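1. 3D, please:
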Amino acid sequence: MRRSERGKGRRKLFHTYYDYSLLFLVLFLVGFGLIMIYSTSSFNAERNFGDAAYYLKKQGIFGLLGIGVMLFVSMFDYRLFLKPLPIIRIRLVTLFYLICMGLQVYVLIFGRVVKGSKRWIDLGPFGFQPSELSKVALIVFVSYIIQLAPRKLDKFSGFMRVAVFAAPLLLLVVIPNFSTGLIMGVIFVGICFVASRKKLYFIVAGLLGVAAGAFFIFGVDYRGERIEIWRDIETHPKGYQILQGLYAIASGGVFGKGLGQSMQKLGFIPESHNDMIFSVICEELGLFGAVSVILLYILVIWRLFIIAINAPDLFGGLIATGILTHISIQVLINIAVVTNTIPSTGIPLPFISYGGSSLVFLLFEMGIALSISNQIKYEKA
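-> Alright, predicted model coming up:
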């Protein structure tokens, strides 16, 4: 046999992989979220705006926009983040990070105040919350810094080196929005923990994180007050929302009252379509519905885990790890707050809670995850 023929006989065929399971799960959660937003908001929307579908329409627009962004981003190679841009000769990932820092500075100076917090930038009829985009920037930028010298993370000094690069954006976010800053901090530590071969020094990092968190909590009056509300939810005058949410959960039973049949959403739970939407899910769909939603999130996390461990390079694996950590911690905190397991904090339920900025940038993240999956090669049998 000639050499060329032998070479042909040994040639392996590789196919690209695209995680359609993750795509289907995300689309299902977005669709389910729209149904629950209409169910939870129709009464108040009709009363306040004369249109029962007011919130549904707004969220639907952002949902379509976010799905378009997700599909568009998934078609590109995620390693474009590492490419230097022409003329200015700066990597896209670095520019992305600097833009988010600039947006956070703008919010601190010119941001719109909503419910006592300055977190929004006005864009005509819509508002934009840049902290949601900053989560994505942190995931990509920290992954980039680590992949430059992954061995350095085996020492605490290497961890602090990465922390120095991540700190400016984290501090700009945590000043006006502690809850989002907390999530970003967990994402940062999660990516570093996975990338490091030595885990013991993370105990020290954890203690430093707890100390910093305690400073930001007890250093501001209203955050310390949330601890008091959590400890005495039944009698504290400001424990009303969480208490009504617990009533909703308890009244749902095993199979719930039926979709659209919640009583607590009729003005008892303020803005039930936002962070407290899980309590209405429990009331209308019962324990069965609540467990089903949790299982859907577990499947999403599992698919992200599969992408992370099969990513073609460290950069892609760490980005997928960061996205996985983001979804996991946000689901965990939201459900823990609704069930009064931890003190109240404003964290939406991913893909389901009302909020345009949150939904669009979560779908942007999913587009990056799908882009990573699209670069995975497998051998054809």
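2. How many neighbouring residues does residue 270 have?
-> When neighbours are counted by other CB atoms under 10 Å, residue 270 registers 11. C-beta coordinates here come from the backbone N, C-alpha and C atoms, glycine included.
3. Could you tell me how far it is located from residue 245?
-> To residue 245, residue 270 is 10 Å away according to CB to CB, to the nearest Å.
4. any common contacting residues for those two?
-> residue 276 (CB atoms under 8 Å, 6 or more residues apart in numbering).
5. how far away is residue 76 from residue 159?
-> Using CB to CB, residue 76 is found at 31 Å from residue 159.
6. And the two? Which one has more around it.
-> Neighbour totals were compared for residue 76 and residue 159, and residue 159 leads with 24 against 13 (other CB under 10 Å).
7. Thought residue 191 was touching the more buried one, still the case?
-> No: applying CB atoms under 8 Å as the test, residue 159 and residue 191 come out as separate, 10.9 Å apart.
8. Could you check the helix or strand encompassing residue 25 and say which residues are buried?
-> Assessed by DSSP states H and E, residue 25 sits inside helix 20-49. Within helix 20-49, the residues scored as buried using 16 or more other CB atoms under 10 Å are 22-23, 25-27, 29-30, 32-34, 36-45.
9. Restricting the selection to alpha carbons, write the longest strand seen in the chain to CSV.
-> Counting by DSSP state E, the longest strand found in the chain is strand 117-123. The C-alpha coordinates for strand 117-123 follow below in CSV (Å, rounded to 0.1, in the frame of the first residue of the first chain):
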residue,chain,number,x,y,z
SER,A,117,-30.8,53.0,44.5
LYS,A,118,-28.8,54.5,41.6
ARG,A,119,-28.4,51.6,39.2
TRP,A,120,-30.0,52.6,35.9
ILE,A,121,-29.1,54.4,32.7
ASP,A,122,-32.0,55.9,30.8
LEU,A,123,-32.3,54.9,27.2
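10. Who are the packing partners of that strand?
-> Counting contacts by 3 or more CB pairs under 8 Å, 6 or more residues apart in numbering; DSSP states H and E, strand 117-123 is packed against helix 92-110, strand 112-114, strand 126-128.
11. Could you list the paired strands of that strand along with their orientation?
-> Within its sheet, and counting by DSSP bridges, strand 117-123 is paired with strand 112-114 (antiparallel), strand 126-128 (antiparallel).
12. could you measure residue 92 against residue 144, distance?
-> Using CB to CB, residue 92 is found at 10 Å from residue 144.
13. Looking at those two, which is more packed in?
-> Neighbour totals were compared for residue 92 and residue 144, and residue 144 leads with 21 against 16 (other CB under 10 Å).
14. I'd say that one and residue 95 touch.
-> No: contact criterion CB under 8 Å: residue 144 and residue 95 do not qualify, at 11.6 Å.
15. ranges for the helices of the stretch 51-200 of the chain?
-> With DSSP state H, counting those that start in this stretch as the criterion, the stretch 51-200 of the chain has helices at 54-74, 92-110, 130-148, 156-174, 178-195.
16. May I see these organised as TSV, with distance to residue 318 and mean pLDDT added?
-> Shown next, in TSV, are those (distance: least, CB to CB, whole Å; pLDDT from 0 to 100):
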stretch	distance to residue 318	mean pLDDT
helix 54-74	17	96
helix 92-110	12	93
helix 130-148	4	95
helix 156-174	11	92
helix 178-195	5	92
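17. right, and the ones you listed - which one's nearest residue 253?
-> helix 54-74 (26.6 Å; CB to CB).
18. Flag every buried residue along that closest one.
-> 54-56, 58-59, 62-63, 66-67, 69-70, 73-74.
19. try stretch 162-174
-> Buried residues in stretch 162-174, counting neighbours by 16+ other CB under 10 Å, are found at 162-163, 166, 169-170, 172-174.
20. List of residues touching that stretch?
-> The contact list for stretch 162-174 (CB under 8 Å, 6+ apart) reads 97, 100-101, 104-105, 108, 131, 134, 137-138, 141-142, 145-146, 153, 180-182, 184-185, 188, 192, 216.
21. Among the residues you listed, name the buried ones.
-> 97, 100-101, 104, 131, 134, 137-138, 141-142, 145-146, 153, 180-182, 184-185, 188, 192.
22. how distant is stretch 243-250 from the center of its chain?
-> Remark: stretch 243-250 is offset 25 Å from the chain centroid, using CA atoms, centre = their mean, to the nearest Å.
23. Pull out the buried positions in that stretch.
-> Using 16+ other CB under 10 Å as the test for burial, stretch 243-250 gives 243-249.
24. picking that back up, same list, the strands paired with strand 117-123, but as a markdown table with mean neighbour count please.
-> Shown next, in a markdown table, are the strands paired with strand 117-123 (neighbours: other CB atoms under 10 Å):
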| stretch | mean neighbour count |
| --- | --- |
| strand 112-114 | 12 |
| strand 126-128 | 16 |
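25. could you list every residue that touches residue 244?
-> The contact partners of residue 244, by CB under 8 Å, 6+ apart, come to 264, 268-269, 279.
26. from those, which is closest to residue 324?
-> Nearest to residue 324 out of those is residue 279 (CB to CB; 25.6 Å).
27. Thanks again, I'm all set now.
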